[in-house]
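Colleague: using only what follows, build the 3D model:
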Amino acid sequence: MDCVRLSAAAFRLPRKTVPVTEPTERRKDNNFDFLRFLAALLVVTSHSFWLYGDPYPEMAMLGGTAIGTIAVYMFFIISGYLISASWLHSRSATDFVTKRLIRIFPALIVATLLTILLIGPLATELPLAEYFSTGRTWQYLSNLLLWIQFDLPGVFASNPFPSTINGSIWTLPFVMAMDLSLIALGLTGQFNRTVILMGFTTLTTVHLILLPQLGVISQSVLNLFCLGMFFYAGVALYLYRQHVPLTWKIALPLLALMVSSANTALWPLMLGVGLPYLVIFAAHLDIPRLTRFGKYGDFSFGIYIFSFPLQQLMMLWIGPDQLSLGAFVALSYAASLVIGVISWHLIEKPALRLKRYLPQRKPAIAPSGENHKGVRRRSRWRTNKEVI
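Modeller: Sure, this is the predicted structure:
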């Protein structure tokens, strides 16, 4: 939440209250790259506590919510916002789906294969012949179908956080579920402000009121409604961008209410309402150093998907007895940044170039002008092409 610790006077907003009208889609016009990078580092920080075997200091912060969890919420808010723009600017549903697959799966494929063929052999307590002959090893390939498996035979079995190879990938099935829900709404002509607002309200009500009252304990169900709430908050903010002013007069009181509600019963509600606004507000602050943050690349997904196994390897080879928590966090940052840069330049960026081979024809999803009950196809609020 507390993304940039400077006074309000230190920033220049693009307009007095940024009512979000007429801009461009260039990367330099927003701070989404920086916010995704920040969220990725927060995930690494959060994992550091858990993988070091000492999660309690982190859980004492922010109403008992891990900072990595808040970072995941940030990812889903940004995703909802930017993917809405992607849908409305795609030439067809096939075009949209192809761009999403190109963005997610190349790095996932490489991460999965490296985990089985390199990290597993380096970290398993089993003889290599037994490791490679065990069916559980090859079942890890189910992650490519988003059927998540966290363990490999004998791998990291003695770590402080044992037997989990890559704890980050749990979010990917929910990312795909959100994408599919948006596609379904678009293809049925229901991708409009009214339906999205009703959906966000329903998800929020079910997550905050109904599921707790029913005593639902299924983590998958809880995650689906929770992450859906944040994703569709981002969607709603995009579709209502012409009507939602981005101003300090709203942001500062919301931030104060969120901070004051930590460790109270109001915290989940204030987080669900306040965090989406603050993330999109921060994304549109006019901070030149941050708006140019992504000129060298978008390293956030590589950091997110590769950092966990690297941190587990450090714990295996060095261990908490020879490494302080602070040193572990610093090493985790360095290793994660290196692998994020490598992933971007060798995997993700080359894969994104495949978009040039998509059919070049007029938009089929949303014709120019008004569509879907007043949602303008050629919105000029600033978005980010690389994530689309």
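
Colleague: what stretches of this protein score poorly on pLDDT?
Modeller: Where the chain drops to pLDDT under 70, the residues are 1-28, 56-63, 359-388.

Colleague: mind listing the strands for it?
Modeller: Secondary structure of the chain, counting by DSSP state E: strands at 370-371, 375-376.

Colleague: correct me, but Leu146 touches Leu172?
Modeller: Yes: using C-beta atoms under 8 Å, Leu146 is in contact with Leu172, at 5.5 Å. Where you see a C-beta, it was placed from the backbone N, CA and C, and this is true even at glycine.

Colleague: what are the phi and psi values at the nearest residue to Glu125 once chain neighbours are set aside?
Modeller: Leaving aside its chain neighbours, Glu125 sits nearest to Gly154 (4.1 Å; criterion: C-beta to C-beta, 6 or more residues apart in numbering). Dihedral angles of Gly154 (phi, psi; degrees, to the nearest 10) stand at phi 70, psi 0.

Colleague: any idea how far Leu331 is from Gly154?
Modeller: 24 Å (C-beta to C-beta, to the nearest Å).

Colleague: which parts of stretch 135-143 are buried?
Modeller: For stretch 135-143, a neighbour-count test (16 or more other C-beta atoms under 10 Å) marks Thr137, Tyr140, Asn143 as buried.

Colleague: next: stretch 194-207.
Modeller: So for stretch 194-207, counting by 16+ other C-beta under 10 Å, buried means Val195, Ile196, Gly199, Phe200, Leu203, Thr204, Val206, His207.

Colleague: chain center to it, what's the gap?
Modeller: 20 Å (C-alpha atoms, centre = their mean, to the nearest Å).

Colleague: repeat that for stretch 122-134.
Modeller: 33 Å.

Colleague: what sits up against that stretch?
Modeller: For stretch 122-134, the external contacting residues (C-beta atoms under 8 Å, 6 or more residues apart in numbering) are 120-121, 137, 152-158, 312-313, 316.

Colleague: what of stretch 292-306?
Modeller: With contact meaning C-beta under 8 Å, 6+ apart, stretch 292-306 is reached by 27-28, 31-34, 36-37, 39-41, 43-44, 75, 103-104, 107-108, 111, 166, 168-169, 336-337, 339-345, 347-349, 384, 386-387.

Colleague: give me the buried subset of those residues.
Modeller: Of those, these count as buried by 16+ other C-beta under 10 Å: 27, 31-34, 36-37, 39-41, 43-44, 75, 103-104, 107-108, 111, 166, 168-169, 336-337, 339-340, 343-344, 347-348, 384, 386-387.

Colleague: looking at these, which are in helices?
Modeller: 32-34, 36-37, 39-41, 43-44, 75, 103-104, 107-108, 111, 336-337, 339-340, 343 (DSSP state H).

Colleague: gap between the residue nearest to Glu125 and Phe161?
Modeller: 15 Å.

Colleague: cool, and Tyr296?
Modeller: 32 Å.

Colleague: go on, Leu172?
Modeller: For Leu172, the distance to Phe161 - C-beta to C-beta - is 20 Å.

Colleague: could you find the closest non-adjacent residue to the spatially most central residue of the chain?
Modeller: What sits nearest the mean C-alpha location of the chain, by C-alpha atoms, centre = their mean, is Phe75, with 2.5 Å. With sequence-adjacent residues excluded and distances taken as C-beta to C-beta, 6+ apart, Phe75 is closest to Ala39, at 5.4 Å.

Colleague: mind listing what that neighbour touches?
Modeller: Ala71, Val72, Met74, Phe75, Ile78, Ser300.

Colleague: swap in Leu35?
Modeller: Neighbours of Leu35 in contact, by C-beta under 8 Å, 6+ apart: Cys3, Met74, Ile78, Val279, Ala282, Ala283.

Colleague: and with 6 Å instead?
Modeller: Ala283 (C-beta atoms under 6 Å, 6 or more residues apart in numbering).
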